[in-house]
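Chemist: Can you look at this prediction? I've put the sequence above it.
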Amino acid sequence: MAIYQHIRHPRIASRLADGPVKVTDLLPRGTAVTRFNTSVALLVTRVVGSMWCAYAFALFDLLTEGAARTAAGATSSRPRPTTRILGDAEVAARYRELFTLARPDLEEELSRLIGDLPARRLSLAAQGALGWVKKLGRTAGENLAEYLQEESRDLAAKPEVEEFVQGVDRLRDTADRVEARLARIEQRLKGAI
C-alpha cells in the first residue's frame, strides 16, 4: 500500500490536450495599429531581452514625453538656453530611482551562462582592459599635447598663453589711457580756438 496517492490537477489534462501556450495565440487580432505595436514590441524584446527592453522603452518614454509637450505648445518666449531639460521632473526622478535600483549586474548575468568562476575572471579581465584603454587614452593625449607644444610648436604651452593674455590686457589698458589722453587734448584744443 502506498503512503500517498498522486492525483493530477484537472487543468493538467486540459493543458496536455491543448499543448503549450504560444505567443501567436496571445497576439491581438484587432486593428492594424495594435498588431503593428505588438509586433514591434515582440521584435525588440526578442532582440535585446526583457529587462533591457524595459530600459529602452523607459528611456524612449522619458525622451518623447518632453518632445510631445513642446509640440503641444509649451514653449516660452525666453531665449533657449544651451541645455534644456524637458518633461516632468517627478517622472525623471522615478526613472532615475528605477535605474539606480535595477542596475544590471553584467557579471551575474554572465555567470548564468558560463558559471561563476569564468564570469568573475572575464569580468576582471574586462575591467583591466578598460583601465588599460583609459590609461592609454590619457597617455596618448598627454604625449600628443607635449609633441604639439614642444616639438612642432603648433600648440602654445599654458604659461605662454597666460603671458600672451597678460600682454593683451596691458596693451588694452595702454590703448584706453592713450584714448583718454587724446580726448583731453582735443578738449583743450577746442577750448583754445
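Modeler: Sure thing, it's come through.
Chemist: Return the helix or strand in the protein with minimum mean pLDDT.
Modeler: helix 50-71 (a mean of 62; mean pLDDT, DSSP states H and E).
Chemist: Going along the chain from it, find the next helix or strand for me.
Modeler: Downstream of helix 50-71, the next assigned helix or strand under DSSP states H and E is helix 89-101.
Chemist: What residues sit buried inside that next one?
Modeler: Buried residues in helix 89-101, counted by 16 or more other CB atoms under 10 Å: residue 95. From N, CA and C alone the C-beta is placed, and that goes for glycine too.
Chemist: same question, stretch 120-138
Modeler: Buried-residue list, stretch 120-138, by 16+ other CB under 10 Å: residue 123.
Chemist: Now do that stretch: everything it contacts.
Modeler: 106, 107, 110, 111, 114 (CB atoms under 8 Å, 6 or more residues apart in numbering).
Chemist: How is the chain partitioned into domains?
Modeler: Here the domain parsing of the chain from automatic domain parsing is 110-155, 157-193.
Chemist: one step back: can I get the contacts of stretch 120-138 in CSV including distance to residue 127?
Modeler: Below are these laid out as CSV (distance: CB to CB, whole Å):
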residue, distance to residue 127
106, 11
107, 10
110, 13
111, 15
114, 17
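Chemist: Closest to residue 40 out of these?
Modeler: residue 106 (26.1 Å; CB to CB).
Chemist: tell me the pLDDT at the closest one?
Modeler: In this model, residue 106 is scored at 78, pLDDT.
Chemist: Against residue 126, how distant is it?
Modeler: Per CB to CB, to the nearest Å, residue 106 is found 9 Å from residue 126.
Chemist: where's stretch 152-167 relative to the chain centroid, distance-wise?
Modeler: Relative to the centre of its chain, stretch 152-167 is centred 35 Å away, using CA atoms, centre = their mean, to the nearest Å.
Chemist: Now do that stretch: everything it contacts.
Modeler: Residues contacting stretch 152-167 (CB under 8 Å, 6+ apart): 145, 148, 149, 150.
Chemist: would you turn those into JSON lines with neighbour count?
Modeler: Converted to JSON lines, these look like this (neighbours: other CB atoms under 10 Å):
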{"residue": "145", "neighbour count": "12"}
{"residue": "148", "neighbour count": "14"}
{"residue": "149", "neighbour count": "15"}
{"residue": "150", "neighbour count": "10"}
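Chemist: I appreciate the help and will end here.
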